[in-house]
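>>> Quick one, what's the 3D model for this:
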Amino acid sequence: MAERTLDCSDLDRIMGKPLTPWSLKEDLHNNDFRRWVQAMHYPNLLHYDADYAAVGRWGRLVAPQSFTISAGEGHGACPAGIGSIPNSHLVFGGDEWWFYGPRLFAGDRVIHEKIPFDYVVKETKFAGPTCFQRGDNNYYKQDGTLFAKQRSTAIRYNPEYAVEMASMGSDADEPAWSDDELAEIEERKLEYIRAMQELGHGRRHWNEQQVGGKLPVRVFGPHSIASLATEWRAYMMTIWGSAHRNRDCDPDVLGYVGPMAGWEMDPVEERFNPENTDGAYIGPSRGHMFKRWANYIGMPREYGYGASMGAWVLDYLAGWAGEWGQVVHCNAQYRGPAFVGDITIMTGEIVDKLVDDEGRNVVQVKVLMANQQGTTLATATAEVELPL
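Prediction:
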């Protein structure tokens, strides 16, 4: 067998060099927040029920912290996937987030700054030589206020090697759920919903938290083509004509393999045939919703979006913290995708309790995301600020 190689030599020239800033064309709207939480399976009334939000902390609907990635370009992957790697594909590998306090409301506009950070090539069981590339995403409000930073990790690899190595072959078959099992899943979903609603507009106090304390379990799924399509359409970059686009992250110049290069987010093609550009049908993202293209890049069947997994982690923590708390930092690593037919189960445990360097009362939480077989999908460590 010939030696497996991955040519990452082009990446050195763009590290640390800012890309073109990006923004949507219109101000944010309450329905943008509603669409987002609906797609992320996050029934927090603060973000979609105006009557409930009116008597809460902000007196109006507020965007969830996870919504930041919907208002930016490429859900943070662009600066982590820039530079040409011939015959490659990309999947999301993780996110580290810092939040600085300001929140998003209807009428705001987000300016997205993108800066490639670093990369390293490692040998993996998934695809042999694999590039782990990181990029920084800085998110500003229209007045220049920096409200969030995201350091994303992209995993770039040769899909032919992934197909040859078939490391995910055991996940090829979609599970079949009985009616009783589906009913049980629906009941399990209520545990997290009840926890949010019981807290309501109240405060989850820092003084009352203990190391070893458990967060409520969060369950959702089974994932489906319908749920994946709903998620993708909630990323505002996928809406035709929604953004001031550029060609910084054109799949054709990043070295993506033939049929996965496509026209995704191309500003010229969008004005001619926008269906080619929104990522659902043509280009690198179509592997998520079409089994043929999932197989082409080494996945056994249709699979979820890594960026959505990151949103699920943030929502899980923020929903538990309540409206008087906030996630101030979260570092998540994605170990494997959420495949169609699977359910996702999230658990969390408080592992530390401290006053941080900025004088904030925080608890540190370890989060585990797994499927029904116990396979780890993601892990995260986060600091959540709570009121005294």
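>>> all helices of this structure, in order?
Counting by DSSP state H, the segments of the chain that form helices are 30-39, 50-54, 159-165, 179-199, 225-234, 258-261, 267-272, 291-296, 306-321.
>>> Residue 99: which of the ones you listed is closest?
Nearest to residue 99, of all the helices of the chain, is helix 306-321, at 8.9 Å by C-beta to C-beta. Quick note: C-beta positions are derived from backbone N, CA and C, even for glycine.
>>> quick check: angle from that closest one to helix 225-234?
Per axes from the mean of the first three to the mean of the last three C-alpha atoms, to 10 degrees, the angle that helix 306-321 makes with helix 225-234 is 80 degrees.
>>> Which strands or helices does helix 306-321 pack on?
The contact analysis (3 or more C-beta pairs under 8 Å, 6 or more residues apart in numbering; DSSP states H and E) places helix 306-321 against strand 89-99, helix 179-199, strand 218-220, strand 326-334, strand 344-355, strand 361-370, strand 376-385.
>>> ok, now which ones touch the closest residue to residue 78 other than its chain neighbours?
Counting by C-beta to C-beta, 6 or more residues apart in numbering, residue 78 lies nearest to residue 249, which is 4.3 Å off, once chain neighbours are set aside. Residues near residue 249 by C-beta atoms under 8 Å, 6 or more residues apart in numbering: 19, 73, 74, 77, 78, 81, 82, 265.
>>> before we move on, the earlier item: which of the helices of the chain has the highest mean neighbour count?
Ranked by mean neighbour count, the helices of the chain are led by helix 306-321 with a mean of 25 (mean count of other C-beta atoms under 10 Å).
>>> Please export the alpha-carbon coordinates of that helix; CSV is fine.
C-alpha atoms of helix 306-321 as CSV (Å, rounded to 0.1, in the frame of the first residue of the first chain):
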residue,chain,number,x,y,z
GLY,A,306,-20.6,19.6,14.6
ALA,A,307,-21.6,23.3,15.1
SER,A,308,-25.0,22.2,16.3
MET,A,309,-23.4,19.9,18.9
GLY,A,310,-21.5,23.0,20.2
ALA,A,311,-24.8,24.8,20.4
TRP,A,312,-26.4,21.9,22.3
VAL,A,313,-23.6,22.1,24.9
LEU,A,314,-24.0,25.9,25.4
ASP,A,315,-27.8,25.6,25.5
TYR,A,316,-27.6,22.8,28.0
LEU,A,317,-25.5,24.9,30.4
ALA,A,318,-27.3,28.2,29.9
GLY,A,319,-30.7,26.6,30.3
TRP,A,320,-29.6,25.1,33.6
ALA,A,321,-28.0,28.4,34.8
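>>> how far is that helix from where the chain is centred?
8 Å (C-alpha atoms, centre = their mean, to the nearest Å).
>>> So which of the helices of the chain is nearest residue 207?
Closest among these, using C-beta to C-beta: helix 306-321, at 14.4 Å.
>>> Let me know the average pLDDT across that closest one.
In this model, helix 306-321 has a mean pLDDT of 97.
>>> and what of stretch 159-177?
Averaged over stretch 159-177, pLDDT sits at 85.
>>> What are the contacting residues of that stretch?
Stretch 159-177 is contacted by residues 4, 87-89, 125-129, 185, 222, 257, 260, 295-301, 336, 339-342, 372, 375 when judged by C-beta under 8 Å, 6+ apart.
>>> If we use 6 Å, what do you get?
Residues from elsewhere that reach stretch 159-177, judged by C-beta atoms under 6 Å, 6 or more residues apart in numbering: 4, 89, 125, 126, 127, 128, 257, 297, 298, 300, 339, 341.
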